[in-house]
Each structure stands twice: as structure tokens, then as C-alpha cells.
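**Q** take a look and give me a structure for this.
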Amino acid sequence: MRRRGFGSAVAPALGVVLIATGCGSQTVQMSPPETDGTTTEVCSAFVDELPETLMDAERAEIRPESEIMAAWGDPPISLRCGVPRPDSLQPDSLLEEVNGVAWLPRPEDEPTMFTAVGHEAYIELQVPSGHGAPAPALTTMSDLISEHVPALPEGSL
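**A** Numbers count the residues shown, from 1 in each chain. Okay, here's the model as predicted:
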């Protein structure tokens with residue numbers, strides 16, 4: 001696996017829908033991943049520890065309600081815990097390492113989607129380019145992943 005320090009390139013976001021609900025509140029429509037009981041338990045404990053504010057964006061309501069997903073701001077920064085192993089994750093994949101957590105950036109040239117690998121649950125973080133460089137979000141999430149999501153044995157992705 002190839003690793004590099006985090007870069008600042010970002011690109012347009014994909015896959016999350018923001019629904020305005022009036023009075024300044026918002027609801028983000030997301031697709032929950034299918035997880036097994038152990039992964040759900042790990043992810044639920046992790047999501048419980050997520051901040052109310054990320055990159056100056058306030059936590060948003062999500063639909064359907066889920067203990068393994070979260071979102072912030074408009075356009076929404078979204079997080080899904082317990083996603084399937086990315087098909088593009090290969091032994092020679094270029095990974096971004098942030099505070100000891102390896103992230104698979106997609107697309108590789110100007111990423112907005114990042115998947116944390118090497119832990120008991122794959123965690124997908126999408127940071128739309130409108131929020132600027134994703135480094136602050138990756139740093140926050142990396143610290144929380146290190147603390148709350150057990151690592152796989154060395155060399156495992």
C-alpha cells in the first residue's frame with residue numbers, strides 16, 4: 001500500500017441530498033449501510049462521540065434516522081460508519097494518512113470522498129468542496145476513530 005500525507009485537493013460532492021425543512025433547520029437524506037451486529041455496536045459508539053460542529057458546520061438531522069450516520073452543514077458533510085470495503089481498495093492503493101488513520105481518497109486526483117480503512121469498521125466521510133480543504137474534518141475524525149474504533153492487525157486493510 002502506498003501512503004502519503006494529506007493534500008488539500010477537493011472536488012464536487014456526490015450522493016447526499018439536503019432537504020430544507022424550514023425555520024433554518026435541514027434534513028439530510030442518506031442511505032444507511034447494511035451492517036452486522038458487531039459493526040453496528042462499534043459504529044453506534046463511535047457516532048455517539050461525534051461533535052455537534054464540524055468545520056464550522058452544525059450537525060444536521062438525517063433521514064432515515066440512524067445510529068451509524070451523521071451529517072453537518074449545507075452542503076452536507078456526511079459520515080457513514082460500517083460501509084462495505086471499497087472495491088477500489090487494493091494492496092497498492094494510495095492512502096492518505098492523518099494522525100495514524102489511513103484514508104482511501106476518491107477520486108484519487110481531487111477527492112471529496114474518503115474511507116477510513118484498517119479498523120473494525122470502514123468509515124466513509126464526504127466533504128463537499130464548498131467547505132474548503134477537508135483536512136480539519138479528516139483530523140477530527142481520525143482522532144475519534146483512533147479512540148473509538150479498534151484497529152485491525154498491522155498490515156490489514
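
**Q** please count neighbours and contacts with C-alpha atoms only from this point.
**A** OK.

**Q** tell me who's in contact with the nearest residue in space to residue 156 that is not next to it in sequence.
**A** Nearest non-adjacent residue to residue 156, counting by Cα to Cα, 6 or more residues apart in numbering: residue 118, 5.8 Å away. For residue 118, the contact set (Cα atoms under 8 Å, 6 or more residues apart in numbering) comprises 101-102, 151-153, 155-157.

**Q** from residue 121, how far off is residue 36?
**A** 10 Å (Cα to Cα, to the nearest Å).

**Q** which parts of the protein are helices?
**A** 37-48, 135-148 (DSSP state H).

**Q** need those in TSV with distance to residue 111, can you?
**A** Shown next, in TSV, are the helices of the chain (distance: least, Cα to Cα, whole Å):
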stretch	distance to residue 111
helix 37-48	23
helix 135-148	11
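
**Q** any weak-confidence spans in the protein?
**A** Within the chain, the segments meeting pLDDT under 70 span 1-25.

**Q** spatially central residue for it, please.
**A** A centroid search over the chain (Cα atoms, centre = their mean) returns residue 125, at 1.9 Å, as the residue closest to the centre.

**Q** partner residues bridging it?
**A** As for beta bridges, residue 125 partners with residue 79, residue 114 under DSSP bridges.

**Q** wait, what's in contact with it?
**A** Residue 125 makes contacts with 77-80, 113-115, as judged by Cα under 8 Å, 6+ apart.

**Q** of those residues, which is the nearest to residue 69?
**A** Nearest to residue 69 among these is residue 80, at 4.5 Å by Cα to Cα.

**Q** ok, residue 72 - contacts?
**A** Going by Cα under 8 Å, 6+ apart, residue 72 touches 53-54, 57-60, 78.

**Q** for ChimeraX, write the select line for the buried members of those residues.
**A** For the buried members of those, the matching ChimeraX selection, counting by 16 or more other Cα atoms under 10 Å, is:
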select :54,57,58,59,60,78
